[in-house]
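> Based on what follows, work out the 3D shape:
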Amino acid sequence: METKARNGTTHPSQLPILVVSNQLPARLEKDEHGKYTATWCGERLLASTMAFSHQDLFRSSRRRIRFLGRVEMYVPEEDHEAVIQACASVSCIPVFPSPEADPSAFDRFCTGPLRNVFNNMIHPSTLSTQTVDPIPWSAFMSMNKDFAVAITKVYESGDLIWIQDYELIMVPHFIARTSLRHHAPIGLYLHVPFPSKQVLLSLSFREELLHSMLQAHHLGFHLYEHARQFIECCEAILHLPPPVMLQGQLVLENNGKRVAITCSQLTIDLARIDKELASNEVRDEIIQWRQLYPNKLIFAACDVVDVFHGLPQKFLALHHFLQRNPDFASRVLLIQVGILTSSLGSTEHKEVVEQVAREINANYDEPVILFDVRNERMTTSNRVALWRVAEVYVSTVFAEGLNTCPFEYIVTHRNATGLAILSQYAVACRLLHGTIIINPWNIDEIAYAMDEAVHMSLKEKEFRRDCDLVSIASHTPSRWATTIISDIATASHGASPKKLEVHTKPLTDALLLDIYRKSRGRRIFFFDYYRTLAPDVSSDFGIVWPDVPVDVLSSLELLCRDQRNTVFVVSGCNCELLSDKFGSVPGLGLVAEHGYFIRWAMLGQAARMDKPWELYGDVFRVNSSCGKWREKAEWIMQAYVDRTNGAALEMRRSSILFRYAGADYKFGLMQARELYNQLKAVFQEWPLDVIQGKDYIEVRPEGLGKGKIVRQILRKLHDDTTKSDIPIDFVWTLGDDVADELMFDAALGCAHDFSIPNVLTCTVGHKASKAQYFVSDHAQVVSLLGSVRLALTKSSRFHSVADMQSIMAKHMHHPPQISYTPASSMMESHDFPRKNSAKMLRNTSSGLAPVLEEEATTSRLSSSLLDMPVKKPTKWWRRSFLGLISALILIRVVYRLRRQIPRWLCVWKERKTTAATATALSMLALSCLWYHKRKRL
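Reported below is the predicted structural model:
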């Protein structure tokens, strides 16, 4: 019995599917007796890519799936019925072109003008043949019409039609003219880039092409930039309104019809690659490669022989690399497999590539380029064997759709080390953040990337590989297909979409140090971790947590040595991560998950031990099963993760986050806004907070937040300092995120409540904020902390032993405070051991010694020395000389002015009177200087 949805219709996960592609995923053969047999050939599902097989897409599905497309061989009309029966054994339905649909003209048009346009490459000399010649266009339209007719004949009620790639882009146009237009859900997925507005305008049939695409209920693209260019073309050519967002999808409205757009990229099935690697066929081929080229450092690639894949540029870059590294000339070999079939590649371009390879090989004793041209596609086993022996994968494409080769290469090196160099135009580079990204037009940049790949350390290669394996595992073909099919089914039901200043000053070193030196009481510091104390690396490796620079750790440790300083790192990250990153700093307080866990600051010998994490949040509220808020939030967020390349779901003890730092910025931001609105609507009556951060959306129980924990910490420290008669007179909060705005509010509020004279709230980045000050970036944060560290270090150098003894005696009556304990209302504590990596600071050359109990006096001394002004010898004779000069100048001025005074005044004031006045002024100036000197003494 079929699974039913809530509205009584068939659930999308069980809808029968009719997959329409230019070629069937089957190989048709005819024996000597005239009998036809069909066998599976899943990699023929898409002609434009080294594609996945249908088993990858629907590995765990029990739905009914049929495939419709052309067979490769010519079939006479009298054999049509026999071929239909043979293909039925593998759930395939053949399409037989009509006489008007010339297959050769159709293929030439698709692989020539149309493919060039979709890859954003056209030449002015070919524009006339692309836009005017009616023969290829007529064949193209006739072939698409034949496919539409075939779909109409085999369509069964409830079928979902999923059309693959640009060769069949006009099929929705012809289906819309049949009776199926009101019944069949239609999806069109393009596995190639979409042209820019300027390139599409070069086609005479641009409007027909766009109108046909808009006849589908759902459109799919691998990247948001492809969808963006399609939307821009619709707005410019068809004058459609901008799209709106609905549950992670873009929605266009065309004449009252809504078309949903999904941007989601697939990778490969890891289980299939592992199975191939374990097969005897692949193992034997790996051995053959290694026997043929022993002791060779192999670069490998597999590309179609055409202008889009940049083969000459790749060969020239290798030549430049070997010229800079002549020692590698006898060790390096580039194995370039070229695909040249009747539908893919160019014979003319093959000759150009071969000529370049010959000229480069002539410069070396041994060939450095093996250009292997094949007239058929490489099988998965052939590719996997080649990837396994290759140290480096190199892609220099100028335009590309789906290509699974980079994913295969990464997976084959799961237990080995390898590195991929990818063009910035490769679709895979949006997911594989651990690869080296290059500009294929810059030959020197490619050569430098090869040099970097060869000399990269083993540890860094492993780190990059692990980052990429996580991305591949989270974007499996089966999950991708399930998401797209569900979106097509949802779009066909016509779901209606929703109609959708800076006052800070720069914080300078001088200002910070001036306020710090004037402080005579307790100083409190609250610092954020990511993008504040640690750099932002999301653009390089996606969602990862970087290490804190050693300079920052040294500055924090020096601050913590002072008994009057209390330093906290307040972050949304979990306890283990903060312990790993900051566990090497004695006396540093840590706040995890926005205040749900806290580890209080400790000094002295207690700082050497593993300090416990203590619970500060409401356990019942977080763990309550009432309404299952975590399950609801996870289900909603996962839908957006599946439709947003580079996004991830993060589960914490107290909250759930949708992170999109690794996604396209503009698309990720649109997805986040729509998700935020949806979560706010769903949890409107729940005791939950929905927070939109810089690159995340977070759902958490009410009461958590940096603002609340900062207020509680300041209140407790205020109570403690009141007892010891050392008030808090300096608070510095520093962060970059929206969550830090609550921390700024809390600090400013406590400044009023507890009469704290100096509160600095500072945000990272010049933007609208509640903070009083800003710093430009993480580098300036490091600079500020370095200035404080330098001032603390210098302050202990320019004082005599007598000064130090007097200061020590002055502070002996203050009892040292070793630690602070949390409120008695804590419910439980957790002990997380520090990682070994957290002890790296001990091995650095920073010169910081461990904090011991005996160092308490020294730390107080350092702080006091910083607070006192440094005396310098008073050079009073200079001031006297300047005063005398000033007096002489004044006499001269008065004498000059005498000539300008009216005559009657001149009679009254004689020359002697003027001289006496000047003398009196000079004596007054000297008296002032003498008084100033006496006052300083």
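> Okay, M637 and Y393: tell me how far apart.
Remark: distance between M637 and Y393 (Cβ to Cβ, to the nearest Å) = 33 Å. For the C-beta atoms, the positions are set from N, CA and C on the backbone; glycine is no exception.
> E698 now?
Applying Cβ to Cβ, the value for E698 to Y393 is 37 Å.
> How about I17?
In terms of Cβ to Cβ, I17 sits 33 Å off from Y393.
> of these two, who's got more company?
Looking at I17 and Y393 with other Cβ atoms under 10 Å, you find the greater number of neighbours at Y393, namely 26 against 23.
> Contacts only, for the more buried one.
Contacts for Y393 (Cβ atoms under 8 Å, 6 or more residues apart in numbering) come out as F299, A300, A301, W387, C405, P406, Y409, G418, L419, A420, I421.
> Domains in this structure, by residue range?
12-263, 270-474, 505-617+704-867, 627-701, 876-936 (automatic domain parsing).
> between the ones you listed, which one is nearest to A491?
Nearest to A491, of all these, is domain 12-263, at 3.8 Å by Cβ to Cβ.
> Quick one: mean pLDDT for the closest one?
Averaged across domain 12-263, pLDDT comes to 84.
> Quick check, Q424 in contact with N439.
Yes - contact status for Q424 versus N439: in contact at 5.8 Å, counting by Cβ atoms under 8 Å.
> State the number of residues packed around A362.
Applying other Cβ under 10 Å, we find 8 residues neighbouring A362.
> Now do the same contact list for it.
By Cβ under 8 Å, 6+ apart, the contact list for A362 is empty.
> May I have the phi/psi pair for it?
Here is the backbone geometry of A362 (degrees, to the nearest 10): phi -70, psi -20.
> Also D528?
When read as degrees, to the nearest 10, the backbone of D528 gives phi -80, psi 160.
> How about the one 4 residues further on?
Dihedral angles phi and psi of T532 (degrees, to the nearest 10) take the values phi -120, psi -70.
> what's it in contact with, if anything?
Neighbour list for T532: L734, G735, D736, V764, H778, V781 [criterion: Cβ under 8 Å, 6+ apart].
> State the pair within those residues that is farthest apart.
Within these, G735 and H778 form the most distant pair, 11.7 Å apart (Cβ to Cβ).
> Common neighbours of the two, please.
When contacts are counted by Cβ under 8 Å, 6+ apart, G735 and H778 have T532, V764 as shared neighbours.
> With neighbour numbers in mind, choose between these two.
The residue with more neighbours, out of G735 and H778, is G735; 28 against 21, by other Cβ under 10 Å.
> quick one: that one from F527, how far?
Noted for G735: a distance of 7 Å to F527, by Cβ to Cβ.
> and L760, which of the three is it?
Classification of L760 by DSSP: H, G, I helix; E, B strand; the rest coil places it in strand.
> got the contact list for it?
Residues near L760 by Cβ under 8 Å, 6+ apart: L507, L512, I515, F730, V731, W732, T733, Q772, Y773.
> surely R258 meets L250?
No - if you go by Cβ under 8 Å, R258 and L250 don't touch, sitting 10.6 Å apart.
> Those two: which has the busier surroundings?
Taking neighbours as other Cβ under 10 Å, R258 and L250 compare with L250 leading, 27 against 17.
> For the more buried one, name its beta-bridge partners.
Beta-bridge partners recorded for L250 (DSSP bridges): M245, I261.
> so what sits against both of G735 and F527?
Common contacts of G735 and F527 (Cβ under 8 Å, 6+ apart): V570.
> Sticking with H80, tell me its helix or strand.
Using DSSP states H and E, H80 maps to helix 80-88.
> Quick check: bridge partners of the residue lying closest to I713 once chain neighbours are set aside?
Leaving aside its sequence neighbours, I713 sits nearest to F568 (Cβ to Cβ, 6 or more residues apart in numbering; 6.7 Å). For F568, the beta-bridge partners are F526, G589 (DSSP bridges).
> Would you check that F568 makes contact with A592?
No - F568 lies out of contact with A592 (Cβ under 8 Å); the separation is 11.0 Å.
> which ones are touching I515?
F730, N758, L760.
> Relative to D725, how far out is it?
For I515, the distance to D725 (Cβ to Cβ) stands at 22 Å.
> Just the helices from the stretch 351-500 of the chain, written as ranges.
Along the stretch 351-500 of the chain, counting by DSSP state H, counting those that start in this stretch, helices occupy 380-389, 405-412, 443-455, 458-473, 477-492.
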